[in-house]
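Colleague: Structure for the following, please:
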Amino acid sequence: MIQNSAKFFKNTDCSYFPCHTGLDEDCFNCLFCYCPLYSKNPCPGNATYIKKDDGRIIKRCTDCTFPHKAENYEKIMKLLRIKKEPVSGPEYHHGGEEGLAGCFIDFSVNTNPLGLQESVKSAIKDSIDSFEKYPDQNCSRLRAKIAEWKSLKAEEIVCGNGASELISLTVNAICPKDALIIAPTFSGYERALKICDCRIHYHLTKEEDNFAIAESLFDTIQKTSPDMIFLCNPNNPTGRMINPGLFARLLCLCEEKGIFLFVDECFIDFTERIEESALRLTGKSSHLIVLNAFTKIFSMAGLRLGYLVSSNQGLIQKINSLRPEWNVSEIAQLAGRAALSENDYIQKTLDLIKEERIYLSKELKALGFKVCQGEANFILFEQGTFAAENLSKILKEKGILIRNCSNFMGLGGNFYRIAIKSHEDNEKLIDTLRKLL
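Modeller: Numbering: from 1, shown residues only. Predicted structure coming up:
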């Protein structure tokens, strides 16, 4: 018989002892009565998983005896120990991180070239005294404003501290065992999934198809059987949008198979295809999740404000339960409401982006660059003469920042991304490239 110690404890006075059958009662360890491995995925025990009608995954441990076997103490403690070294993986690098001094023309950040609206600046200045108070942690007025703008239901909206927080919150709420990322794309999805110990699969779009999503996506889904799929539409960094018919089939498959489809639309307001937004379909699918943010279209990168939409109330409640208190500041909520009160800002943006995309694409092609035909407020292009690192370094010395895309999965070292900026800034970029090439 094993004696009680720091590693073993048998509580025969418990009315539930033994709570699991099939084990030698002399070696039945009650130390881990409430299993500390419940959140582990994958789990070393023989737990089963039940998918509820609302899409939630419930872990069922009724038949698992792993934590009650005395010989498993060290195995459990090893799994619980904090790793001293971080999990190895790619370095996550984003645009804009080098231009903090303000001495560059920054084409590495894809924010609105019109800048922060004057109405937003005025609203912030006029409300400084309100910043001494706690913000509304439910963002009630802001959600109502977004719902009015996008013809949604306020109760289906969650506001967050930028899109990145909402990606992490959603992944933590769903806890997928397997996820599929359509690449090349934004690294934030991969980062959030890795923290949750999720198995990540990738579907790579091809350069010869101009990075369009093709029928082969469905073959990848069949092979990988994901619980969650990430689609950026329009995609960053390619600027490509998915074919509407293909998207309809994808959504239908996800609803049929119980797969959560996470659609990142942070750049869709820059396109002329806003009517294809997945927001119009959220009420028809409990597995569709749509993300957007004020960061890009309203040029509020420093204020951190995003929103997520889903008709799945179970999922919305779970995300809200994981959301920190007061995660969206008073200044961000105020700025968001003010931004939505100005009617012609987005139309002015669309007119500028359309005109300057034509100009930049034409000039880049004339210089010998291969341009990806995207639809967002940025352009992906390729050049074989210079290595990406060299060209970006040379331009930096000239006071211009561009995005080196060599760390995007599926892109080689000769790909760069530039934001579409004012005509004056765009001319400076083209003139500088012309002199270099």
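Colleague: Alpha carbons only: can I get stretch 70-80 in PDB?
Modeller: The C-alpha trace of stretch 70-80 is given here as PDB (Å, rounded to 0.1, in the frame of the first residue of the first chain):
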ATOM      1  CA  ALA A  70       0.000   6.800  -8.900                       C
ATOM      2  CA  GLU A  71       2.700   6.100 -11.500                       C
ATOM      3  CA  ASN A  72       1.600   9.100 -13.600                       C
ATOM      4  CA  TYR A  73       2.500  11.800 -11.000                       C
ATOM      5  CA  GLU A  74       5.800  12.700 -12.700                       C
ATOM      6  CA  LYS A  75       4.200  12.700 -16.200                       C
ATOM      7  CA  ILE A  76       1.600  15.100 -15.000                       C
ATOM      8  CA  MET A  77       4.100  17.400 -13.300                       C
ATOM      9  CA  LYS A  78       6.200  17.400 -16.400                       C
ATOM     10  CA  LEU A  79       3.300  18.600 -18.500                       C
ATOM     11  CA  LEU A  80       2.500  21.300 -16.000                       C
END
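Colleague: Now do it: everything it contacts.
Modeller: Defining contact as CB atoms under 8 Å, 6 or more residues apart in numbering, one finds that stretch 70-80 is touched by 2, 7-8, 27-29, 31-32, 36-37, 40, 44, 66-67. Glycine gets a C-beta too; all of them are placed from N, C-alpha and C.
Colleague: Report the buried members of the residues you listed.
Modeller: Phe28, Asn29, Leu31, Phe32, Leu37, Lys40, Phe66, Pro67 (16 or more other CB atoms under 10 Å).
Colleague: The helix or strand hosting Arg417 pairs with which strands, parallel or anti?
Modeller: Taking DSSP states H and E as the criterion, Arg417 maps to strand 415-419. According to DSSP bridges, strand 415-419 forms sheet pairs with strand 378-382 (antiparallel), strand 403-404 (antiparallel).
Colleague: Need the contacts of stretch 70-80 in JSON lines (columns: distance to Lys296, pLDDT and secondary structure).
Modeller: Supplementary listing: these in JSON lines, determined by distance: CB to CB, whole Å; pLDDT from 0 to 100; DSSP: H, G, I helix; E, B strand; the rest coil:
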{"residue": "Ile2", "distance to Lys296": "61", "pLDDT": "78", "secondary structure": "coil"}
{"residue": "Lys7", "distance to Lys296": "54", "pLDDT": "84", "secondary structure": "coil"}
{"residue": "Phe8", "distance to Lys296": "56", "pLDDT": "85", "secondary structure": "coil"}
{"residue": "Cys27", "distance to Lys296": "59", "pLDDT": "83", "secondary structure": "helix"}
{"residue": "Phe28", "distance to Lys296": "57", "pLDDT": "86", "secondary structure": "strand"}
{"residue": "Asn29", "distance to Lys296": "54", "pLDDT": "87", "secondary structure": "coil"}
{"residue": "Leu31", "distance to Lys296": "51", "pLDDT": "84", "secondary structure": "coil"}
{"residue": "Phe32", "distance to Lys296": "47", "pLDDT": "85", "secondary structure": "coil"}
{"residue": "Pro36", "distance to Lys296": "41", "pLDDT": "85", "secondary structure": "coil"}
{"residue": "Leu37", "distance to Lys296": "40", "pLDDT": "81", "secondary structure": "coil"}
{"residue": "Lys40", "distance to Lys296": "36", "pLDDT": "69", "secondary structure": "coil"}
{"residue": "Pro44", "distance to Lys296": "43", "pLDDT": "77", "secondary structure": "coil"}
{"residue": "Phe66", "distance to Lys296": "47", "pLDDT": "84", "secondary structure": "helix"}
{"residue": "Pro67", "distance to Lys296": "47", "pLDDT": "86", "secondary structure": "helix"}
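Colleague: Take those and write them to TSV, including distance to Cys266.
Modeller: What follows is the contacts of stretch 70-80, written out as TSV (distance: CB to CB, whole Å):
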residue	distance to Cys266
Ile2	57
Lys7	50
Phe8	53
Cys27	55
Phe28	53
Asn29	49
Leu31	47
Phe32	43
Pro36	37
Leu37	36
Lys40	32
Pro44	38
Phe66	42
Pro67	42
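Colleague: Show me which of those residues is closest to Ala332.
Modeller: Lowest distance from Ala332 to the contacts of stretch 70-80 (CB to CB) belongs to Lys40, with 35.0 Å.
Colleague: still on that earlier bit, out of the strands paired with strand 415-419, which is closest to Leu436?
Modeller: Between Leu436 and these, the shortest separation by CB to CB is 14.2 Å, and it involves strand 378-382.
Colleague: quick one on the thing from earlier: farthest pair within the contacts of stretch 70-80?
Modeller: The span of the contacts of stretch 70-80, defined through CB to CB, is set by Ile2 and Lys40 at 25.0 Å.
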